[in-house]
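Colleague: dropping a prediction and its sequence here:
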Amino acid sequence: MTGNDMETAEGQLTLESRLSDLVQVAPWIERLAAQHGIPAETQFGIDLCLEEVLSNIIRHGYSGEPNHFIDVRFENPRSGYFVFVVEDKAPLFNPVDAQEPPPISADDGSQVGGQGIRLLREFADALEYQATPSGNRLRIGFSAAGSATAND
């Protein structure tokens, strides 16, 4: 399969462990947003979080090595709440328990990266991690802005 062939179903996206495959994420999210009424503000957070998680799996979990795969599933268990499940076979890493990096100061403005955990925690409404027999499973939940679940 090539990168363009990796999408297997409406609610699932499979990527190869290449940063170039990340270009598939935003259009997939846009289609899901149109089909499931995901508000633009929520869509922005979903896109940001998924790209952070996926790029970190590729760069750190798989050490940039190609020929590994990452599955992303969309679940819409209730109106106004959207869940994405990311599964990989990289070494175990629990972002839920990971220490948050120190904030970037004005004096350290040249620092790039290292803020993925902070962004994930800021934009996602729920994070659940599970080690699997073959790798990692991360469930990321998002409440639609203005929905009843957003104010829970």
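Modeller: Alright, I've got the coordinates. Note that the structure is predicted; figures quoted are calculated from it, not measured.

Colleague: wait, residue 88 sits on residue 61?
Modeller: Yes. If you go by C-beta atoms under 8 Å, residue 88 and residue 61 touch, sitting 6.0 Å apart. In short, each C-beta sits where N, CA and C put it, glycine included.

Colleague: shared neighbours of the two, anything?
Modeller: Contact criterion C-beta atoms under 8 Å, 6 or more residues apart in numbering; residues shared by residue 88 and residue 61: residue 136.

Colleague: between these two, which one's more packed in?
Modeller: residue 88 (25 against 22; other C-beta atoms under 10 Å).

Colleague: now the more buried one: how far from residue 42?
Modeller: Computed as C-beta to C-beta, to the nearest Å, the residue 88 to residue 42 distance reads 24 Å.

Colleague: for residue 35, same thing?
Modeller: Distance from residue 35 to residue 42, by C-beta to C-beta: 14 Å.

Colleague: any idea which helix or strand comes after the longest helix along the chain?
Modeller: In terms of residue count, the longest helix belonging to the chain (DSSP state H) is helix 40-56. Next in sequence after helix 40-56, counting helices and strands by DSSP states H and E, comes strand 69-78.

Colleague: tell me the angle of that next one relative to helix 40-56?
Modeller: For strand 69-78 against helix 40-56, the angle between stretch directions is 150 degrees (axes from the mean of the first three to the mean of the last three C-alpha atoms, to 10 degrees).

Colleague: now do the longest helix of the chain: everything it contacts.
Modeller: With C-beta under 8 Å, 6+ apart as the test, helix 40-56 has contacts from 15, 19, 22, 25-26, 29-30, 33, 38, 70, 72, 82, 84, 86, 95, 116, 119-120, 123-124, 138, 140, 142-145.

Colleague: now that helix: mean pLDDT?
Modeller: Averaging pLDDT along helix 40-56 yields 96.

Colleague: restrict it to CA atoms and write it as CSV.
Modeller: C-alpha atoms of helix 40-56 as CSV (Å, rounded to 0.1, in the frame of the first residue of the first chain):
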residue,chain,number,x,y,z
ALA,A,40,-14.6,24.4,13.5
GLU,A,41,-13.1,25.2,16.9
THR,A,42,-13.3,21.5,17.9
GLN,A,43,-12.0,20.5,14.5
PHE,A,44,-8.9,22.7,15.1
GLY,A,45,-8.2,21.0,18.4
ILE,A,46,-8.6,17.6,16.9
ASP,A,47,-6.3,18.3,14.1
LEU,A,48,-3.6,19.9,16.3
CYS,A,49,-3.7,17.0,18.8
LEU,A,50,-3.7,14.2,16.2
GLU,A,51,-0.8,15.8,14.3
GLU,A,52,1.2,16.1,17.5
VAL,A,53,0.5,12.6,18.6
LEU,A,54,1.2,11.1,15.2
SER,A,55,4.3,13.0,14.5
ASN,A,56,5.7,12.1,17.9
